[in-house]
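Participant: would you be able to build a 3D model of this:
(one chain, ligands or ions: 1)
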Amino acid sequence: MKELMITTSSCAREEIPDLGNRYLTGNGYMGVRGTLEEYGRDQLVAVNLAGIYDRFGTGWREPLNAPNPFALRFLSGGEPLTLPEAAADAHRQTLDVRRALHSRETRFENGVCLHIERFSHMEQVHLLCLQATVTAQSAATFTLEAAIDGDVWDIHGPHYREMALDTQDELLTALGTTNEGDQVAVCAGYTLDLAHTRRDRTDARKRIAAFAFQLRAGETATFTLTAAVYTSRDTQSPADAARRAAQAAPAYATLRTQHIRCWEKLWERANIEIDGDETAEQALNYSAYHLLSVAPRHAESLSVPARGLSGQTYKGAIFWDTEMFMLDFYLAILPEVAKATLRYRIDTLPGARVKAEQYGLRGAFYAWESQEGGYDACSDYNVTDVFTQRPMRTYFRDKQIHITAAVVYGLWKYARWTGDDSLWREGGAEVLVEAARFYHSLLVRRVESDIDELRDVIGPDEYHERVNNNAYTNEMARFVFEQSVEVTTRMARQAPDDFEALERKLRFKTEIPRFTEAACSLKRQAPDAKGVMEQFDGYFALEDATVAQVRARLIDPREYWGGAYGVAAQTQVIKQADVITLLFMLRDRYTADTLRANYEYYLPRTEHGSSLSACMYALAACAIGKPDEAYPLFLGSAQADLNGGGKQWAGLVYIGGTHPAAAGGAYMALLWGFLGIQPDADGIRISPRLPKGWQGVACQVVYRGQVVQLACGTLADGHQGTAF
Ligand code: BGC
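Facilitator: Residues are numbered from 1 along each chain as shown. Reported below is the predicted structural model:
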C-alpha cells in the first residue's frame, strides 16, 4: 500500500477554515478539525461530537463541539510561540492519511523547533492523544500551558450554559452543561519527559496545566497528553467516565500502535489502486479516509451528517446524502456501519410519523435535516437574503418529500447488496409500509382524470421550488409503492409470523391493493420525441438560458439562485443532477438511449451548485461509454475536500466543512462507472470502462458476506474481476 501524505506550509489566515477541513481527523464518535494547537474559536477549532445536539434560544439546533483538550501554548523566554504571529523559519502541517496522524512542525526564528503529533483514537473512540517535542538550538527557558479550551466555537451558540473546570489527581477536567441539560466531559492527563522539570501545580483558577522547564542547547523535552471525552448520552456520569478513561489510558506509544493497527486493518479493505493515475488514486483514497473517519463504527444506530464531523454546518444533520451517496461505500467496506445508518432511520420512524401528522399526512415523512429521534432541524428560513438581510422562506423541510423514498431505497440497497433480509424484519418493513402510506396520502387526482399526481414538491434540484410531478420524486415514490407490495408479499410467504405481527401493528393488508394501483396510476414524465424526460411539469417552457447567462444576472455573487426570485428559478438552469440521479438510481428501468439523451440535455443546464451533482453525471457518462467525459466530473467529486475552495461563508454564517457525499459519489463512480460492476446472485462481474491513462484498477469489496477482489487491466493478475 502506498503512503499518502497531505502537507502544507501555509498558515495564512484566509486558509485556516479550509485547512481545518482538509486535515481533519476523526473516529466516528468525534471529528477534530485540522487546526493548530494555539488556535481558538476564531480559527474555527472544533472537536465535533456525533449525534448530540443543542439549541440556544430560538437559534438553529446544532451538534455540540466539545471543549478542546488540544489547546497548547508554548512560551520561550516569556514570548509566545504561536502562529501566525510569531516569526517562523519553517512550518509544515501534515496529515498521514494511512495512519490518520495529524502533525505540525514549526521552526521558530529563535531556533526553537516544535513538533506535535496527534490523533483521534480509531479503536478507543473516546480518546484523543497528542505528543509534542520541543527542541532548542541554544539554552532557553520554557513554559507550556495546556488547557481544555471551554470557550468553544459555536455558530448559533453558546451551547454551554455552564462550563466547570476542575483539577483532581493531576488531571484537568472540563464539564460543560448545555442549554438542553446534556453534559459533555473532557478529562486530560499530561506527562512531561525531561530530567530537570519543574511542574507548576495544575491550577483550577488558571484553568491550565502549566509546566516550566529549561532546555540546554540541542536538548529535547517530550510532552504527552491523553484526553477522554464522554457525554450524558454515553453514560450517567460523563465526568467520572472521562476521568477513569484518562487515568487508565496506556502510554502514548501504545495508544499510537493500537490506533495505527486499527487503520491498517481498515486500509486492507479500503485501499484503492489505480495504475497510471496517481492523482485519481490519491483523491479516491483520501475520500475513503474521510468516509472511514466519520463512520459510526462504535454505534448500532447512528448515521453520518452531510458535513461529516467537521463542525456545525447544516446543523450536523443527516440528509438523503447518506443513503444515496455514502451508503455504497459503507456497504462495500463496512457493512455493519451501513446497517447502523439504516437502523438510525428505523429508530427515527416515530419522528417521521410525527412530521407526517404535522402536515396532515399519514405514514412517515422523514426529516429533511434529521437529528436524534428524527427531529427535523430544517428551518423554514434556511437562507438569508443578501440584499435585505432578511430570512427567506424556503420549503426544503415541507416539500422535499423524496427524503422518505431515499430511506426505503437505502434499506433496499442493503438487502440487495448484503443478501441479508434481516433489516426488513427488524423494523424496515414497518418503515416501508409507512413510507407507502405517506406517498399515498399525498396523491392528488383531478376529478376528470385517472392519473395520480404528486404536486407542490421540490426535487433534488432545489432551485425550482414547489413544482408538480418532479420526475425523480414520482419515480422514487412509485418505487416505494412497488417495494411495499413486493417485500410484504415475500414476507407473508417466507416469514408468516413476522408478517402477521406487522399486520397486527399496522393493519395495512387492505391497503396493499391501493399501493399496487398507485404504482400504475402515478404520473410518469415520459421521454419526449428526443428521449428527454421533463424534470417537472412545465420545465421545458422555462427560459432556456445558459448557466453563464444566469450567473451574469447576479447582482451579488452570494445571492441565492433559487426561491421565488432567484436567478435560476424562472430558467432551465438547475442546481444539481435531478433526472440524471433518477436514471442512475433506477438504472435497470431505462435504456442507454434515454440516459444519453438526458445526459446531453441536462449536463449543460446544471450549475453543480451542490457537491452531490458531478458524481451522478460521471456515472451517466460512463454508462453511455464516455469515460473520458466522466473523468473530470468524477475527479471534482473525489477532490472536493482535497482541493477545498468550495463556499465557506454565506454572509456571516460559516457553511464550509467536509463533503462525505461527494467522497461517496466518487467511490460510486469508480465501482458502478469505471469498473462497471454488475453484482448478482453469483458474485460480481465487471465491465471496465477506464478513462485515458488508467492502466489498471484494483480494490476490494465485501459482497454478500465475502471479500471480493475487483481488478482489471495491469492489476488484474490474469483475471478480469473475481467472482465467487
Ligand atoms: C443539496 C442537497 C443536499 C444538502 C446537504 C444541498 O445543497 O441541494 O441535495 O442534501 O446540500 O449536502
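Participant: can you name the next helix or strand after the helix or strand of the chain with the lowest mean pLDDT?
Facilitator: When the helices and strands of the chain are scored by mean pLDDT, DSSP states H and E, strand 197-199 comes last with a mean of 61. Next along the chain after strand 197-199, taking DSSP states H and E as the criterion, comes strand 208-215.
Participant: return the per-residue confidence for the nearest residue to Leu19 once chain neighbours are set aside.
Facilitator: Setting aside the residues directly before and after it, Leu19 is nearest to Gly34 in space (Cβ to Cβ, 6 or more residues apart in numbering), at 5.7 Å. Any C-beta I mention is one placed from the backbone N, CA and C, and that applies to glycine too. Looking at Gly34, its pLDDT reads 98.
Participant: try Arg73
Facilitator: The predicted local confidence for Arg73 comes out at a pLDDT of 95.
Participant: correct me, but it touches Glu145?
Facilitator: Yes. The pair Arg73 / Glu145 is scored as a contact, 4.5 Å apart, by Cβ atoms under 8 Å.
Participant: and these two? which has more neighbours close in?
Facilitator: Taking other Cβ atoms under 10 Å, Arg73 and Glu145 do not tie; Glu145 has more neighbours (19 against 16).
Participant: what is the more buried one paired to in the beta sheet?
Facilitator: For Glu145, the beta-bridge partners are Arg73, Ala210 (DSSP bridges).
Participant: what distance do you get for it to Thr58?
Facilitator: Distance check for Glu145 against Thr58: by Cβ to Cβ, to the nearest Å, it reads 37 Å.
Participant: ok, now Gly646?
Facilitator: Counting by Cβ to Cβ, the separation of Gly646 from Thr58 is 29 Å.
Participant: ok, the residue nearest to Leu19 touching Leu101?
Facilitator: No. Under the criterion of Cβ under 8 Å, Gly34 is not in contact with Leu101, lying 11.4 Å apart.
Participant: more neighbours: which of those two?
Facilitator: For Gly34 versus Leu101, the count of surrounding residues by other Cβ under 10 Å is larger for Gly34: 23 against 19.
Participant: element containing that one, please.
Facilitator: Under the criterion DSSP H and E, no helix or strand holds Gly34.
Participant: quick one: contacts for the nearest residue to Pro305 once chain neighbours are set aside?
Facilitator: Using Cβ to Cβ, 6+ apart and skipping residues adjacent in sequence, the residue nearest Pro305 is Gly316, 4.8 Å away. Residues in contact with Gly316, defined by Cβ atoms under 8 Å, 6 or more residues apart in numbering, are 48, 50, 53, 62-63, 305, 307, 371.
Participant: rerun at 10 Å
Facilitator: For Gly316, the contact set (Cβ atoms under 10 Å, 6 or more residues apart in numbering) comprises 48-53, 61-65, 305-310, 369, 371-372, 377, 657.
Participant: SS state for the closest residue to Arg13 other than its chain neighbours?
Facilitator: Excluding its sequence neighbours, the residue lying closest to Arg13 (Cβ to Cβ, 6+ apart) is Pro84, at 6.5 Å. The local conformation at Pro84, judged by DSSP: H, G, I helix; E, B strand; the rest coil, is coil.
Participant: Pro84 reaches Glu38, doesn't it?
Facilitator: Yes. With contact defined as Cβ atoms under 10 Å, Pro84 counts as touching Glu38 (9.4 Å).
Participant: any residues in contact with both of the two?
Facilitator: Shared contacts of Pro84 and Glu38 (Cβ under 10 Å, 6+ apart): Cys11.
Participant: which one of the two has more residues nearby?
Facilitator: Legend: neighbour count by other Cβ under 10 Å for Pro84 and Glu38, higher for Glu38 (23 against 16).
Participant: for the ligand, see how far away that one is.
Facilitator: Using Cβ to the nearest ligand atom, to the nearest Å, Glu38 is found at 32 Å from the ligand.
Participant: in this structure that residue contacts Glu85, no?
Facilitator: Yes. Between Glu38 and Glu85 there is a contact under Cβ under 10 Å: 9.0 Å.
Participant: and the pLDDT for Gly644?
Facilitator: Gly644 carries a pLDDT score of 78 in this model.
Participant: and the one 10 residues further on, by the same measure?
Facilitator: Tyr654 is assigned 75 on the pLDDT scale.
Participant: near the ligand, which residues of the protein show up?
Facilitator: Residues of the chain lying close to the ligand (Cβ under 6 Å from any ligand atom) are 306, 314, 319-321, 460, 462, 575-576, 610, 612, 661.
Participant: what strand or helix carries the closest residue to Gly531 other than its chain neighbours?
Facilitator: Distances taken as Cβ to Cβ, 6+ apart put Ala597 closest to Gly531, at 3.3 Å, once the chain neighbours are dropped. Counting by DSSP H and E, the element that carries Ala597 is helix 592-602.
Participant: after that helix comes which helix or strand?
Facilitator: Tracing the chain C-terminally past helix 592-602 and defining elements by DSSP H and E, one meets helix 614-623 next.
Participant: the nearest residue to Glu475 once chain neighbours are set aside in helix, strand or coil?
Facilitator: In space, and not counting its chain neighbours, Glu475 is closest to Leu582: 5.4 Å by Cβ to Cβ, 6+ apart. Put simply, Leu582 is helix when judged by three-state DSSP.
Participant: what is the neighbour count of Leu582?
Facilitator: Using other Cβ under 10 Å, Leu582 is surrounded by 28 other residues.
Participant: ok, it to Asn21 distance?
Facilitator: In terms of Cβ to Cβ, Leu582 sits 30 Å off from Asn21.
Participant: check Ile346 too.
Facilitator: Taking Cβ to Cβ as the measure, Ile346 falls 31 Å from Asn21.
Participant: okay, the two: which has more neighbours?
Facilitator: Between Ile346 and Asn21, Asn21 has the larger neighbour count (other Cβ under 10 Å), namely 28 against 17.
Participant: mind listing the helices for the stretch 601-724 of the chain?
Facilitator: Counting by DSSP state H, counting those that start in this stretch, the stretch 601-724 of the chain has helices at residues 614-623, 627-638, 640-643, 660-668.
Participant: neighbour count for Gly646 and Thr58, which is higher?
Facilitator: Comparing Gly646 with Thr58 by other Cβ under 10 Å, the one with more neighbours is Gly646, at 16 against 6.
Participant: wait, that one sits on Thr313?
Facilitator: No. Gly646 is beyond contact range of Thr313, at 11.0 Å (criterion: Cβ under 10 Å).
Participant: what is in contact with those two at once?
Facilitator: Here Gly646 and Thr313 have 21, 655-658 as joint contacts, going by Cβ under 10 Å, 6+ apart.
Participant: please pick the buried ones from those residues.
Facilitator: Taking 16 or more other Cβ atoms under 10 Å as the criterion, what is buried in these is 21, 656-658.
Participant: quickly list what Tyr703 is bridged to.
Facilitator: Going by DSSP bridges, Tyr703 is paired in beta bridges with Gln706.
Participant: which ones are touching it?
Facilitator: Contacts of Tyr703 (Cβ under 10 Å, 6+ apart): 331-332, 335, 417-419, 677, 679, 683-684, 710, 723-724.
Participant: what of Thr658?
Facilitator: 20-22, 24, 26, 31, 33, 290-291, 293-294, 305-311, 313, 611, 640-641, 644, 646.
Participant: let's see it at 8 Å
Facilitator: With contact set as Cβ under 8 Å, 6+ apart, Thr658 has these partners: 21, 24, 290, 294, 307-308, 310, 641.
Participant: any idea how the protein splits into domains?
Facilitator: Taking automatic domain parsing as the domain assignment, the ranges for the chain are 5-267, 272-713.
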